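Enquirer: model the structure of this input:
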Amino acid sequence: MELRSIIEEINKEQQAVGGIKNVVWLAAGGSYGGFYPGDYFLNQEASEIRSRNITSNEFVKAPPAFVGKNTLAVICSMRGTPETIEAAKLAKKLGAATIALYVDESELTEICDYQIGYDSVAVDSSDFSKTNSAYGLKIAMLVMDVVEGYEHIELALENFKAVNNIYNQAVTKIRTKAIKWAIQNRESTSVHVMASGATFGAAYVFSICNIMEMLQIDSPTVNCCDFFHGPFEVIDEETSVFLLIGEGNNRSNDERADRFLKEFGGKKVFRLDAQDIGINKFDSKVSEHFNHLIFSPILNNVFMRELAYQIKKDYMTRTYMWKAQYN
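Expert: I've put the predicted structure just below:
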């Protein structure tokens, strides 16, 4: 079923309670971070729709009171994470319409009302306009258009067609810089990742999934705006900082952080500018919302892999995941 048709059908079914009024994004780990673009889009662009991105087990233990029969729950798990399945069950129990985003079928796809298969961000042959983040963003844009209208919907949908080419060009362009960064950081015991606005989700996924989970290196994620309200106190000439400079309204906040780091940081400060990886090629009316779709796979598939090579780390190994009991 075509994506717009799914949204229109859900909105029609919920007309008795006023149509879609709320969207909740439910997932864990990288899938949770991957929903940042869709949630950010609705919070920035929509005037009537309430949106909230919630990690699965937090939703299970403390679901927001607004979740009910006028809610769309978009739920993502690559292979069927148990707590995400529980979140889907609860969303349905509370009356929400449910859409599952998945790679492998699981109990999640059995539970949810609609199912959308996506391409993994970590697979080189993927269509990067069809990742979980891309589908989340597209769902957000279509929900807004169906419910209250979105003046740039056709332009935005057209720009999705450019995602794959921009990503592939960025991989080639940025690899040399990624190798230099990895060599410079092969002895680092901590890597601070900084971003703001529409890029923050990509920074978060890079920290918790790529650097901490896959490489087992400590990695705090810092919002460029809050950097000046505490975190900048740890900066010295040896601090490893990976700064994302995004496209859009918050670019000036990233640039402010960059000015400070140029003055007080050292040789281990690295800047990855959206313009260096082609995000400025998207139309300026919508480019802000495409930051994550290029940043996140570049960070995973180029920077993480290059650092793994330099530290001689098999990034598929884990200490606790899939081994220790934590339920």
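Enquirer: which residue is nearest the middle of this protein?
Expert: Gly34 (2.7 Å; C-alpha atoms, centre = their mean).
Enquirer: who's in contact with that residue?
Expert: The contact partners of Gly34, by C-beta atoms under 8 Å, 6 or more residues apart in numbering, come to Ala27, Cys76, Val121, Thr131, Asn132, Ser133, Gly136, Gly201, Val205, His292, Ser296. Bear in mind the C-beta positions are built from the backbone N, C-alpha and C, glycine included.
Enquirer: quick one: which of the residues you listed sit in helices?
Expert: Secondary structure assignment by DSSP state H places Asn132, Ser133, Gly136, Gly201, Val205, His292, Ser296 of those in helices.
Enquirer: hang on, the earlier thing: select from the contacts of Gly34 the one having the most neighbours.
Expert: Among the contacts of Gly34, the one with the most neighbours (other C-beta atoms under 10 Å) is His292, at 33 neighbours.
Enquirer: quick one: contacts of stretch 319-327?
Expert: Contacts of stretch 319-327 (C-beta under 8 Å, 6+ apart): Pro82, Glu213, Gln216.
Enquirer: my guess is Ala96 meets Val24, correct?
Expert: Yes. Judged on C-beta atoms under 8 Å, Ala96 makes contact with Val24 at a distance of 7.1 Å.
Enquirer: which parts of the stretch 101-250 of the chain are strands?
Expert: For the stretch 101-250 of the chain, strands defined by DSSP state E, counting those that start in this stretch occupy the ranges 114-117, 192-195, 221-223, 241-245.
Enquirer: any idea which of the ones you listed is most buried?
Expert: Highest mean neighbour count among the strands of the stretch 101-250 of the chain (mean count of other C-beta atoms under 10 Å): strand 192-195, with a mean of 26.
Enquirer: gap between that one and the chain center?
Expert: 14 Å (C-alpha atoms, centre = their mean, to the nearest Å).
Enquirer: give the buried residues for stretch 172-184.
Expert: If you call a residue buried by 16 or more other C-beta atoms under 10 Å, then stretch 172-184 has these buried ones: Ile174, Lys177, Ala178, Ile179, Trp181, Ala182, Gln184.
Enquirer: looking at those, which are in helices?
Expert: Among the buried residues of stretch 172-184, DSSP H puts Ile174, Lys177, Ala178, Ile179, Trp181, Ala182, Gln184 in helices.
Enquirer: where does the chain dip in pLDDT?
Expert: 327 (pLDDT under 70).
Enquirer: can you give me the helices for the stretch 51-200 of the chain?
Expert: Using DSSP state H, counting those that start in this stretch, the helices of the stretch 51-200 of the chain run over 56-61, 82-93, 107-111, 132-147, 153-160, 163-184, 200-205.
Enquirer: with respect to Glu237, which of the ones you listed lies nearest?
Expert: Proximity to Glu237 (C-beta to C-beta) singles out helix 163-184 among these, at 13.0 Å.
Enquirer: which residues does Asn159 contact?
Expert: So Asn159 contacts Phe282, Asp283, Val286, Ser287, Phe290 (C-beta under 8 Å, 6+ apart).
Enquirer: ok, the second one touching Leu155?
Expert: By that I understand Asp283. Yes. Between Asp283 and Leu155 there is a contact at 5.7 Å, judged by C-beta under 8 Å.
Enquirer: could you pull out the helices for the stretch 201-327 of the chain?
Expert: Under DSSP H, counting those that start in this stretch, the stretch 201-327 of the chain gives helices at 251-264, 291-298, 305-310.
Enquirer: hmm, who's touching the shortest one?
Expert: Helix 305-310 is contacted from outside by 175, 178-179, 181-183, 185-186, 211, 214-215, 313-315, using C-beta under 8 Å, 6+ apart.
Enquirer: 6 Å - rerun?
Expert: The contact list for helix 305-310, computed with C-beta atoms under 6 Å, 6 or more residues apart in numbering, reads Ala178, Ile179, Ala182, Ile183, Arg186, Tyr315.
Enquirer: now, which of those sits nearest Leu72?
Expert: Tyr315 (34.5 Å).
Enquirer: contacting residues around that closest one?
Expert: Met214, Ala308.
Enquirer: distance of it relative to Ala178?
Expert: 14 Å (C-beta to C-beta, to the nearest Å).
Enquirer: before we move on, back to that, and the contacts of Gly34 as TSV, adding distance to Glu48?
Expert: As requested, the contacts of Gly34 are arranged in TSV below (distance: C-beta to C-beta, whole Å):
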residue	distance to Glu48
Ala27	24
Cys76	24
Val121	31
Thr131	28
Asn132	25
Ser133	24
Gly136	19
Gly201	23
Val205	29
His292	24
Ser296	29
